[in-house]
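In: Task: produce atomic coordinates for the following.
(one chain, ligands or ions: 1)
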Amino acid sequence: MELVSERLVLRPASESDLDFYVEMRNRPEILAHPDQEPKPRSLVDRQLRGWIDRWQQHGFGTWTVFDRESDERQGRVELDPMGAGWAGISPGEIEVGLIVHPTYWNRGIATEAAGLVAVDCFTRAGLIRLVALTTSDNKASLRTLEKLGMRRRGESQHVSNATTYEVFELARPAPRP
Ligand SMILES: CC(C)(COP(=O)(O)OP(=O)(O)OC[C@H]1O[C@@H](n2cnc3c(N)ncnc32)[C@H](O)[C@@H]1OP(=O)(O)O)[C@@H](O)C(=O)NCCC(=O)NCCS
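Out: Next comes the predicted model:
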């Protein structure tokens, strides 16, 4: 399920991505965000296996973002059912999650990669809506969601956690007449 744009190739996450995910996930810039604890390799490995399995279960999942020219890994875009416990969000709603390696921030990579995934999920995978969650202090994320055309829907909290999240959504575009 490879997705290609002018600059990027998105490939379903695979075991060969583990070193990249361990390094990116433990970067100080990533750990500076709320609720982000350092993650040992064993935990990232377990998470990666879950991402790989999700492709079999749902027909969508987690892509690793590569630069088309250099083949360097630059980030991740993930589609994941929300699951239970979120105020005002059904467990079956699909969340788009984005992370770009800090080395490559502010070059339009998240917007370009998530745009490819949105088109794919509304066409091939037949989804009707995506949601995204972020916190009000995460200005880069808020701007990225705005550039993707996502609309603010309200706020939510998970039962297990006191953090308040801003909830955004993107609906499948209506078919052209
Ligand atoms: C959010 C994130 C994925 C964005 O990745 P990216 O590839 O840098 O995104 P883009 O370059 O496509 O867009 C970033 C936008 O935010 C803007 N931005 C960055 N920092 C900002 C700040 N402090 N205040 C306001 N805008 C800011 C950039 O200028 C850019 O907007 P522009 O194109 O209008 O100039 C990246 O910052 C990241 O991985 N953050 C940590 C994980 C995270 O928060 N994920 C989001 C969960 S939804």
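In: Spell out for me which residue occupies the centre of this protein.
Out: residue 97 (1.9 Å; CA atoms, centre = their mean).
In: pretty sure it is touching residue 77, no?
Out: Yes: between residue 97 and residue 77 a contact is recorded at 7.3 Å, counting by CB atoms under 8 Å. For glycine as for every other residue, the C-beta is placed from the backbone atoms N, C-alpha and C.
In: just to revisit the earlier point, which residues touch the residue nearest to the centre of the chain?
Out: Listed by CB atoms under 8 Å, 6 or more residues apart in numbering, the contact partners of residue 97 are 76-80, 132.
In: If you rank those residues by neighbours, which is first?
Out: Most neighbours among the contacts of residue 97, by other CB atoms under 10 Å: residue 77, with 28 neighbours.
In: returning to that earlier point: between the contacts of residue 97, which is closest to residue 41?
Out: Lowest distance from residue 41 to those (CB to CB) belongs to residue 76, with 16.4 Å.
In: Once you drop chain neighbours, what's closest to that closest one?
Out: Closest residue to residue 76 apart from its sequence neighbours, by CB to CB, 6 or more residues apart in numbering: residue 99 at 5.2 Å.
In: got the CA coordinates for the helix or strand hosting that neighbour in CSV?
Out: Using DSSP states H and E, residue 99 falls within strand 94-100. Extracted in CSV, the C-alpha atoms of strand 94-100 (Å, rounded to 0.1, in the frame of the first residue of the first chain):
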residue,chain,number,x,y,z
ILE,A,94,-10.4,6.7,13.0
GLU,A,95,-7.7,9.0,14.2
VAL,A,96,-4.9,10.2,12.0
GLY,A,97,-1.6,10.6,14.0
LEU,A,98,1.4,12.4,12.7
ILE,A,99,5.0,12.6,13.8
VAL,A,100,8.0,14.0,11.8
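In: Identify each buried residue in that strand, please.
Out: Neighbour-count burial for strand 94-100 flags 94-96, 98-100 (criterion: 16 or more other CB atoms under 10 Å).
In: what do you get for stretch 153-169?
Out: By neighbour count with 16+ other CB under 10 Å, stretch 153-169 contains the buried residues 156, 158, 165-169.
In: interface residues of this structure facing the ligand?
Out: Residues of the chain that fall close to the ligand, judged by CB under 6 Å from any ligand atom: 30, 33, 98-100, 105-111, 132, 134, 138-141, 143-144.
In: Can you say which of those residues are buried?
Out: Counted by 16+ other CB under 10 Å, the residues of the chain next to the ligand give 30, 98-100, 109-111, 132, 134, 138, 141, 144 as buried.
In: which residues in the protein form strands?
Out: Applying DSSP state E to the chain gives strands spanning 3-4, 8-12, 62-67, 73-81, 94-100, 129-134, 151-156, 165-171.
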